[in-house]
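> Any chance you can model this:
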Amino acid sequence: MNRLLALAAAALVVVALAGCSNDPLAEQYSEGSGQGYVSGDGAYTEIAAADRGATIDYTGTTEAGDNVSNADFDNQVYVINFWYAGCPPCRLEAKDLKDVSEKYSDVPFLGVNIFDTSDQAITFEKKYEITYPSIIDARTNSVQLAFAGQGAVAPNAVPTTLIMDREGRVAGRISGLIQDKGILTAMIDKVLAEDD
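Below you'll find the predicted structure:
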């Protein structure tokens, strides 16, 4: 009987706390509990040009139905962000990604949505005013798999942001929420400054 009373009291506490939150996913993320996915800690890694792996080959279809591949970014520094709409840190960093993508208009940005349909991705992009395209990768996971063999810089958390060099190699990674957009801009600047 005491056990039943304790369970009922715990359920009431959970219900009461749930009523206090405006965004349950953001609240859950802040607490760091029960996320249901692997979230990075915002740590970043830079790779010296001599230590970078091979060019990453991938193809995919964007939320608008356009085909895109790594060849579309030949000889360009660019940024790839792995995300999905229900991911709380993806929501939190959306404004920073938008701001940086607008500041660096000569540096292409590409999203890779790992979970959603095109409609869900478009809704998210409209809400957060994201103007760069995203590959919808949930059905095939082909883009995720193309990057999976990259060891320490593989996108093994959500979100993950990669800075790609002019040869299509991973030059840097932010694993998890971008804690400060200055980190991302500094990483982009460093790769842009490398010789063509």
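> Now do stretch 75-84: distance from first to last residue.
In stretch 75-84, first residue to last residue: 28 Å (Cα to Cα, to the nearest Å).
> shaky segments in this protein?
1-43, 151-152, 196 (pLDDT under 70).
> Okay, domains of it per the record?
Using automatic domain parsing, the domain parsing of the chain gives 2-31, 41-192.
> Helix, strand, or coil at the closest residue to C87 other than its chain neighbours?
Here the nearest residue to C87 in space, its sequence neighbours aside, is V158; by Cβ to Cβ, 6 or more residues apart in numbering that works out to 5.1 Å. From N, CA and C alone the C-beta is placed, and that goes for glycine too. Taken by DSSP: H, G, I helix; E, B strand; the rest coil, the conformation at V158 corresponds to coil.
> separation between V158 and A193?
Separation of V158 from A193 (Cβ to Cβ, to the nearest Å): 29 Å.
> Which one's more surrounded, these two?
Of the pair V158 and A193, V158 is the one with more neighbours under other Cβ atoms under 10 Å, namely 23 against 8.
> Look up how far R52 lies from that one.
23 Å.
> Report the secondary structure element holding T123.
helix 118-128 (DSSP states H and E).
> How far away from the center of its chain is stretch 81-90?
6 Å (Cα atoms, centre = their mean, to the nearest Å).
> Any buried residues in it, and which?
N81, F82, W83, Y84, A85, C87, P88, P89, C90 (16 or more other Cβ atoms under 10 Å).
> And the strands in this protein?
For the chain, applying DSSP state E gives strands covering 41-46, 59-61, 67-69, 78-83, 109-113, 134-136, 160-164, 170-176.
> possible to save these as CSV with distance to L97?
Shown next, in CSV, are the strands of the chain (distance: least, Cβ to Cβ, whole Å):
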stretch, distance to L97
strand 41-46, 14
strand 59-61, 18
strand 67-69, 17
strand 78-83, 6
strand 109-113, 7
strand 134-136, 11
strand 160-164, 8
strand 170-176, 11
